[in-house]
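sequence first, predicted coordinates after that:
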Amino acid sequence: MTFLGMPGAPPGVGQLRQAEPFPTAAARALEDSQLRRNLRHATSAIRGKRAAAVAEVPDWEELRAAGAAIKDDVLAHLDRYLVQLEDQVTARGGTVHWAGDACEASQIVIGLVGATGESKVVKVKSMATQEIGLNDALAAAGIEVTETDLAELIVQLGRDTPSHILVPAIHRNREQIRDIFTREMPDAPRGLSDQPAALAEAARAHLRRKFLSAKVAISGANFAVAETGTLVVVESEGNGRMCLTLPRTLITVMGIEKVLPAWRDLEVFLQLLPRSSTAERMNPYTSMWTGAVEGQDFHLVLLDNGRTATLADPRGRAALRCIRCSACLNVCPVYERAGGHAYGSVYPGPIGAVLSPQLTGVADNPDLPFASTLCGACYDVCPVAIDIPAMLIHLRSRVVDDKRAHQRTAEAAAMRLLAWTMSDSRRWSRALRLGRAGRLLGRHGNRISSLPGPLAAWTASRDLPRPPRQTFRDWWRTGHRE
Amino acid sequence: MKAALFITCLADGLVPEVAQATVRVLERLGVTLDIPLEQTCCGQMHVNTGYPREAVPLIRNHVAAFEQYDAIVAPSGSCTAAIRHQHADLAAAAGDPALAAAAAAIAARTWELSQFLVDVLRVTDVGAFFPHRVTYHPTCHSLRLLRVGDRPLQLLRAVGGIDLAELPDADQCCGFGGTFALKNPAVSAAMLADKMAAIRATGATVVTAGDASCLLHIGGGLSRLSTAVGARHLAEILAATRSGR
C-alpha cells in the first residue's frame, strides 16, 4: 500500500496517511466482531501486566521525568548530537547517510543492497522502515525481503499492514495465524496446529533457513548513543540478533529523534521501555554494536521524514520523545474498538494521532487529532510523559485553521455564533429561553429521540432529555424556592 | 462560608436539576451562595473542538463574572478542569497576560463539587438519604485531570440508605468526549454500549457521576434502551433527604 501521488499530498512521506476518514474506517472495523474480540483480549491482558510491572518500580515517576528530560535535551540539541553520532560511527568504520524523506531513505537502502550484489535481505522489526514503506520499495527494485520478527512475518505473509506498534499482528488470533502459515509458508508442517508453541516452531524452522543464507540485513534502532556511536536494538525473540550478527552487511534505518546523548542515559530507557511495552522487567535480548564489527559493513541511514517539521511546533514537538513502547495503544478505548488499521498510518492509537499528522502535515491526516475522547489514559501510562490529550487539542486547532484558510465551514460558523452568544450573559439568557422551543421535540415520552443535521449522530444511539420549562438562572432569579 | 456557584452552561439550559441540587446541598451545609448571572460557559467545547481563539471572549467573560470571589464551586469535573488547566494558557497564547494572570488566580480558587465538600468544607456526610442501589462512574476529567480520587465515593458511602455497587472497569471512558460523540458516533456508541453493560451488571437502578455531560450520554443511551436504570448527578443524590424529594 503506497499513497504516493495522492493529490495535494507532500511527496515521499511513506505509509503515514489516512486512505479514508477515520470515522468511516473505525465504523467498519467495529462491525468485525472477530477483530473486536482479538483486540479486547490482547489489550486488556497487556494492560494488567504493564500496570503490575510498573508498580514494582518505586521511583517510576522520577524515571519518567528523567526520560522526558533527556529526550527534551536531545530535541533541543539534535544538530549537535546527530553530528557527534555521525563522527563516532564513522570513526569506527561505519558509514552514515542522511535521508530527508521516505523516498530518499528507500533509494539509499536500495542502492546499498544493490552494491552488495545480493537480491535477498532479512529484516529486524522496525517502525522506521514500515513508516517509509521500505518493503514495497525493495520489492519494486527486485529485492526479496523476509521479516523475521514473528508478528511482522505474520503481517508480511498475510499481505497485511501492521495494526500495532509492538504487536503488528494484534488483529489476528492464532487460528488466523495458523491459516496464514499453512497457506503462505511452503515449508509449514502438514497438519499445523494453532497452539502457540507449534506456530512459533514452524516460524522458527522457516526463518532459520533464511538467517543462514542471508548476506544483508536491515534493521531499525531503539536508541543510538551519540557519545560512543553505539546502536541499540531491544527485542524478545532473538531473531533480531540473528539478523544483526550473521549477515555481512547491516543497514540500519533510524529516525533522527532516537539519538541519546550518553551511554548512561540507557539506564533510564532500558528500564522505561520493557516495562511499558511488553510488561517485562528486562527484555530478553538487548543487542548493541558500535560501528562496523568483525568485518561487517555497517550503514546507518538517519531519517527525517517530517521530524524537523514536528520539531518546529513548540506545542507538538514532545511527540518526538516517543520510544515506541505502545503502552498508550493498549490503554486507549478508541484504539481498542477501532483497531490500528483505522488510523491509516503505521503509527496508530493515541501516539499515532499526534505523530502522524505532524509528520505528514495536518492536511493529510485531518481526522486523527479528533480520534480521541481526551480521556487521558494515554498520558498516564506514557513512559516519557507526553501530554497526548493537550497535544491532540492543539493539533485540532491546527486542523481547523488549515481548513479555514481554504474554505468556509458550517462548523466554524456555528462555533463563531455560539462563542458570540456565550461571551455575553444577556445574549446567552435569551438563547437559553429560545432553547425551550426544543420542548416541542420532546413532547412524546418527555425525551427527544430524533434530531436533524449533525445532531442526528447523537440521537442515532441516545435520547436527549426534553429541555426544562425554566432554566436554572430563571429559577434562581425568581427566588429559587419552588 | 461564602462561595460562588459556576452553574455550567449545560446545567443552566438543559438539566437545571443538577445546579438546583448543588444549591440545596451547599445551602444545607451552611454555605452562603452567590450566583453571578453574568456567567455563561467555560469555553471547553470551543477549545477541545479546535477553536481556542473563539473561546477567549468566553474566558474573559468568566473571569469578569468570578474575579471577586474567594471560592468558586462547579458541579462538573470537566468544566473545573478546563478552568484550571486551559484558561490561563489560552489567555497567554492570545497575548493577554493580564487576563492570563486573573484566570490563573481564579483557577486556584475553583473547585469541583466533591473536592469542595471534602477538601474545603471537610465533610463527607452531607446528611443525604437515598435508598437505592447506586453505581458510580468516575468521569475521565475528574479522575485524570483533577485527580478527585475517591472523594465522590467517600461522599456516597456516607449517604443514608444507599446500596453502593462497584462498577466493573469503572475507569474506562464512557465514550462521550464532547464533540467526539458527533464526529465519531460509531466508536462513541460502542464505548457507551460497554459502559451500559457494566452498569447493568451491577444491578443498580441509578448510575451517578460528577459530570452532567457524560451523564447526558450515558443516561441518553440507557433511556434509548428503555432500561430501568436512571442517570443522576452526584449532586442530586447528595441533595436528597429523608424528608424531601
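Yep, it's here.

which helix runs longest in the chain?
Since no chain was named, I'll use chain A. Using DSSP state H to define each element, chain A has its longest helix at helix A:33-55.

my question was about chain B, not that one.
Counting residues, the longest helix in chain B under DSSP H turns out to be helix B:185-201.

got the angle for that helix vs helix A:33-55?
Helix B:185-201 and helix A:33-55 are oriented at 70 degrees to each other (axes from the mean of the first three to the mean of the last three CA atoms, to 10 degrees).

show the contacting residues for the residue most central in space within chain A.
The residue lying closest to the centre of chain A (CA atoms, centre = their mean) is A:Tyr347, at 2.4 Å. Going by CB atoms under 8 Å, 6 or more residues apart in numbering or on different chains, A:Tyr347 touches A:16, A:127, A:131, A:165, A:355-356. From N, CA and C alone the C-beta is placed, and that goes for glycine too.

ok, B:Pro36 next?
Going by CB under 8 Å, 6+ apart, B:Pro36 touches B:4, B:65-66, B:69.

repeat the analysis, applying 7 Å as the threshold.
By CB atoms under 7 Å, 6 or more residues apart in numbering or on different chains, B:Pro36 lies in contact with B:4, B:65-66.

helices along chain B, start to end?
B:9-13, B:16-28, B:44-48, B:52-66, B:77-85, B:87-93, B:97-108, B:113-115, B:140, B:151-157, B:180-183, B:185-201, B:212-224, B:234-239.

just so I know, which of those helices lies nearest A:Asp136?
Nearest to A:Asp136 among these is helix B:185-201; the distance by CB to CB comes to 29.5 Å.

now the angle between helix B:212-224 and the closest one, please.
Going by the same axes, to 10 degrees, helix B:185-201 is angled at 80 degrees with respect to helix B:212-224.

residues making contact with helix B:185-201?
The contact list for helix B:185-201, computed with CB under 7 Å, 6+ apart, reads A:23, A:26-27, A:30, A:333-334, A:337-338, A:457, A:460-461, B:135, B:167-169, B:172-175, B:177, B:180-181, B:207, B:217-218, B:221-222, B:225, B:227, B:229.

buried stuff in it?
Buried residues in helix B:185-201, counted by 16 or more other CB atoms under 10 Å in any protein chain shown: B:185-192, B:194-196, B:198-200.

what is the mean pLDDT for it?
Helix B:185-201 carries an average pLDDT of 98.

using CSV, write out every CA atom in that helix.
In CSV, the C-alpha atoms belonging to helix B:185-201 read as follows (Å, rounded to 0.1, in the frame of the first residue of the first chain):
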residue,chain,number,x,y,z
PRO,B,185,-20.5,8.3,16.6
ALA,B,186,-19.8,4.6,15.9
VAL,B,187,-16.8,4.4,18.3
SER,B,188,-18.7,6.6,20.9
ALA,B,189,-21.7,4.3,20.7
ALA,B,190,-19.5,1.2,21.0
MET,B,191,-17.9,2.6,24.2
LEU,B,192,-21.3,3.6,25.5
ALA,B,193,-22.6,0.0,25.0
ASP,B,194,-19.8,-1.4,27.0
LYS,B,195,-20.3,1.2,29.8
MET,B,196,-24.0,0.4,29.9
ALA,B,197,-23.4,-3.3,30.1
ALA,B,198,-21.0,-2.7,33.1
ILE,B,199,-23.7,-0.5,34.7
ARG,B,200,-26.4,-3.1,34.2
ALA,B,201,-24.2,-5.9,35.5
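
that helix: how far from the chain's middle?
20 Å (CA atoms, centre = their mean, to the nearest Å).

quick one, domains of the chain?
If you meant another chain, say so; for now it's chain A. Chain A breaks down by automatic domain parsing into domains covering A:59-308, A:410-477.

not quite, I wanted chain B
Taken from automatic domain parsing, chain B resolves into B:2-120, B:133-239.
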